[in-house]
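# Sequence first, predicted coordinates after that:
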Amino acid sequence: MKATGAFSRRTWAVLVLGIVAAVIVQLLVTTGIGGETASVAISDIGGVLVIGMAALVTIRTALAFGAGESLRSQWLAIGAGIVLYVLGDLMWTYIEVVQGLDPPYPGLPDVFYVAMYVFLGYGIISAALAYRGLVKMRAPLIGSAVIGVASAAAIYIVLVKDIIADPGVALLEKALTAFYPVADTLLLLAPAVFIVLVVSQLGRGALGTPWRFVVAGVAVLAVADALYQWLEWQGLYSTGHLVDLGWMIGYVLLATGASVMRDLILPAARRV
């Protein structure tokens with residue numbers, strides 16, 4: 001397989017247009033065009049479209065790799081995880097926009113959000129395990145574990161601890177409040193950091209570039225998830241809050257990572 005260090009125009013389009021679209025959605029919501037009802041619809045539907053685009057790019061990238069290639073299964077799993085998140089957002093949108101109700105937390109959308117970690121985590125962890133035997137693994141393993149545990153601890157202490165200690169919070173809500181930051185940091189962030197540290201030992205480390213985007217994406221998602229839970233606990237969250245921008249940008253970064261991987265691995269003739 002041929003590798004090249006140059007990003008394609010497609011990759012730049014995914015990154016730039018994705019971020020621009022996310023920012024436009026947030027600006028439309030912030031300006032309050034059409035009133036509160038319209039702002040809620042713009043935020044919910046805009047988020048579905050932006051993150052849905054990220055899912056489409058990721059799955060399309062996975063299918064560009066040959067059948068039987070490990071990259072195909074890894075990125076298909078990541079793409080399936082993003083699709084599950086979009087399904088959760090669609091359910092949220094239906095409850096909030098169509099039914100005109102406040103989506104519960106925990107609620108049915110969380111079923112899809114939790115299921116997302118199974119696929120996204122599998123894709124990233126399987127990619128990490130693919131490098132066994134190629135390079136020294138001990139230092140990357142220790143480094144990524146330290147980063148993952150430290151990130152989870154920081155989010156817990158700063159944003160989650162008081163929610164879990166609140167006797168007025170239901171048990172299931174406490175469980176989800178603890179699960180999301182742990183899953184973000186230990187199932188997604190730590191394995192992605194591990195891959196970056198491992199592949200940096202191979203050649204010039206160019207294969208680490210896609211995973212750096214993944215690291216950035218899951219880090220943004222981890223912060224957005226924890227902030228949402230704290231805001232919800234404080235009664236300060238409403239659809240269209242700035243935290244929504246974090247989710248959109250996080251998934252755009254994951255899709256960019258997928259597109260960068262395609263640029264690095266596939267010959268130019270197959271980049272369509």
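Received, thanks. Predicted model, so just to flag it, every value in this text is computed and none were measured. Numbering: from 1, shown residues only.

# Is it correct that D184 is in contact with D225?
Yes. Using CB atoms under 8 Å, D184 makes contact with D225 at a distance of 5.7 Å. Just so you know, the C-beta spots here come from the backbone N, C-alpha and C atoms, and that holds for glycine as well.

# Dihedrals phi and psi, the residue lying closest to T61 once chain neighbours are set aside?
In space, T61 comes closest to A258 once its chain neighbours are excluded; the distance is 4.1 Å by CB to CB, 6 or more residues apart in numbering. The phi/psi pair for A258 (degrees, to the nearest 10) reads phi -60, psi -50.

# Now do the nearest residue to L141 once chain neighbours are set aside against Q229, distance only.
The shortest distance from L141 to any non-neighbouring residue, by CB to CB, 6+ apart, is to F194 (6.4 Å). Remark: distance between F194 and Q229 (CB to CB, to the nearest Å) = 26 Å.

# When those two are compared, which one has more neighbours?
In terms of neighbours (other CB atoms under 10 Å), F194 is the more surrounded of F194 and Q229; the figures are 27 against 23.

# And the more buried one, which helix or strand is it part of?
Element membership for F194, per DSSP states H and E: helix 190-199.

# After that helix, which helix or strand is next? Please name it.
Taking DSSP H and E, what comes next after helix 190-199 is helix 209-234.

# Which positions within that following helix qualify as buried?
In terms of neighbour count (16 or more other CB atoms under 10 Å), helix 209-234 has its buried residues at 209-233.

# Next: stretch 144-156.
Residues of stretch 144-156 classed as buried by neighbour count (16+ other CB under 10 Å): S144, I147, G148, S151, A152, I155, Y156.

# can I assume the residue nearest to T61 is in contact with G79?
Yes. With contact defined as CB under 8 Å, A258 counts as touching G79 (7.4 Å).

# residues shared between the contacts of those two?
The overlap between the contact sets of A258 and G79 (CB atoms under 8 Å, 6 or more residues apart in numbering) consists of T58, T61, A62.

# Check the secondary structure at the first one for me.
For T58, the assignment made with DSSP: H, G, I helix; E, B strand; the rest coil gives helix.

# Check the burial of it by counting its neighbours.
Neighbours of T58 under the rule other CB under 10 Å: 29.

# any idea how far V86 is from it?
11 Å.

# now the second one
With distances defined as CB to CB, the gap from T61 to V86 amounts to 16 Å.

# What segments of this structure are helices?
9-31, 35-64, 70-93, 108-129, 138-155, 161-165, 171-182, 190-199, 209-234, 243-265 (DSSP state H).

# closest one to G100 among these?
helix 35-64 (8.4 Å; CB to CB).

# got the angle for that closest one vs helix 9-31?
Taking axes from the mean of the first three to the mean of the last three CA atoms, to 10 degrees, one finds helix 35-64 and helix 9-31 inclined to each other by 170 degrees.
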